[in-house]
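In: kindly generate the corresponding structure for this input.
(one chain, ligands or ions: 1)
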Amino acid sequence: MVELALESVGYRYRGGHQAVTDVGLRLGPGIVGLLGPNGAGKSTLMRVLSTLARATAGRVLWRGEDIARRPDALRAELGYLPQDFGVYEALSAREFLAFLAAVKSLPARAVAGRVEECLEMVGLHDVADRRLGDYSGGMRQRVGIAQALLNDPSLLIVDEPTVGLDPEERLRFRHLLAELAGQRLVILSTHIVSDIEASAGELAIMAGGQLRFHGTPEVLIATAQGHVWDWTVPAERLADVRAQFRVSRAQRRAHGVEVRVVGERAPSADATAVAPDLEDAYLWLLHRTGADA
Ligand SMILES: Nc1ncnc2c1ncn2[C@@H]1O[C@H](COP(=O)(O)OP(=O)(O)OP(=O)(O)O)[C@@H](O)[C@H]1O
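Out: Numbering: from 1, shown residues only. Got it, this is the predicted structure:
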């Protein structure tokens, strides 16, 4: 049974900075969106879950076993795409994957077949002999996913994979991850709500090193019910409104700027209450837990 359990996990850097505090989570198959603003502690937590850093408090259990005691059991089933994934520019995707498959000790007779399967899965089969140096950002990220899939991992950890991608590549990458989930546990960290909006069945939201929410997007959205308003303001007031209220987005219209505001109460008598979406609910959560201060 694919299960990753975090019990009061904490991580303190050597200099003394407490990056993760008391995180408890139990995760099974499916896509989990790990969402949080920059500096929330996501990357640190991902490194702990990938056995690259050891929790300084609490423990992490993979299939019931402490990963600090038996890191290899998790590593054998882990696919990891770090935030700072780099490729060897002179190699082709096919060569690069074959190289990594050997480094990862895949059985020699299985390497060629598996490399082809992974290229196929990420849609790079037709360009697999091109130099990686000539790949776009999105294509490189797909190579990153392909290498993470080489060992057919049960646990796939992907850290901020859409940073630096253009909107089209971003979309394509999201679709790819959704297709790959199946029986795997995919943990996808991002600070962009739309990255996980369509795919994540579960959300874990961190801010200031702490877990602020864990549950389905629907539950998160329900918590913001009654706290979101549409309000049209003159364009010249926009800066003021932003300074005074939490604005989840603003759209210029012929008669002014339509802003969506989240908050305790209506920003003005002429604002209209509207149904929250995930972006609003995320902003509301950060606000009400004081994480956006
Ligand atoms: N090597 C380090 N030594 C000390 N503090 C660190 C180190 N790396 C990160 N931190 C701090 O730990 C906190 C959490 O950082 P982390 O990178 O885990 O956050 P994040 O949510 O992944 O943000 P980002 O998306 O910006 O990477 C931040 O305050 C960061 O400055």
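In: for the host helix or strand of Ile31, packing partners?
Out: Element membership for Ile31 (DSSP states H and E) is strand 30-35. Under the contact definition 3 or more Cβ pairs under 8 Å, 6 or more residues apart in numbering; DSSP states H and E, strand 30-35 sits against helix 42-49, strand 185-190, helix 193-197, strand 202-207. Yep, even glycine has a C-beta here, placed from its N, CA and C like the rest.
In: so what strands line up beside that strand?
Out: Sheet pairing here is set by DSSP bridges, and for strand 30-35 it gives strand 185-190 (parallel), strand 202-207 (parallel).
In: format the ones you listed as a markdown table; extra columns: mean pLDDT, mean neighbour count and distance to the ligand.
Out: Converted to a markdown table, the strands paired with strand 30-35 look like this (pLDDT from 0 to 100; neighbours: other Cβ atoms under 10 Å; distance: least, Cβ to the nearest ligand atom, whole Å):
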| stretch | mean pLDDT | mean neighbour count | distance to the ligand |
| --- | --- | --- | --- |
| strand 185-190 | 93 | 24 | 7 |
| strand 202-207 | 96 | 23 | 7 |
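In: which stretch among those strands comes nearest Ala68?
Out: Checking the strands paired with strand 30-35 against Ala68 by Cβ to Cβ gives strand 185-190 as the closest, at 18.2 Å.
In: export that closest one as PDB, just CAs?
Out: Taking C-alpha atoms only, strand 185-190 is exported to PDB below (Å, rounded to 0.1, in the frame of the first residue of the first chain):
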ATOM      1  CA  LEU A 185       1.700   9.200  -5.100                       C
ATOM      2  CA  VAL A 186       2.700  12.500  -6.800                       C
ATOM      3  CA  ILE A 187       3.700  15.400  -4.700                       C
ATOM      4  CA  LEU A 188       3.800  18.600  -6.700                       C
ATOM      5  CA  SER A 189       5.100  21.700  -5.000                       C
ATOM      6  CA  THR A 190       4.200  25.100  -6.400                       C
END
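In: and for that strand, what's in contact with it?
Out: The contact list for strand 185-190 (Cβ atoms under 8 Å, 6 or more residues apart in numbering) reads 2, 4, 27-36, 42-43, 46, 49, 154-162, 177, 180, 195-196, 199-200.
In: and for stretch 275-292?
Out: 35, 37, 193-194, 197, 205, 207-208, 212-213, 217, 220-221, 223-225, 227-228, 246, 248-249, 260, 262-263.
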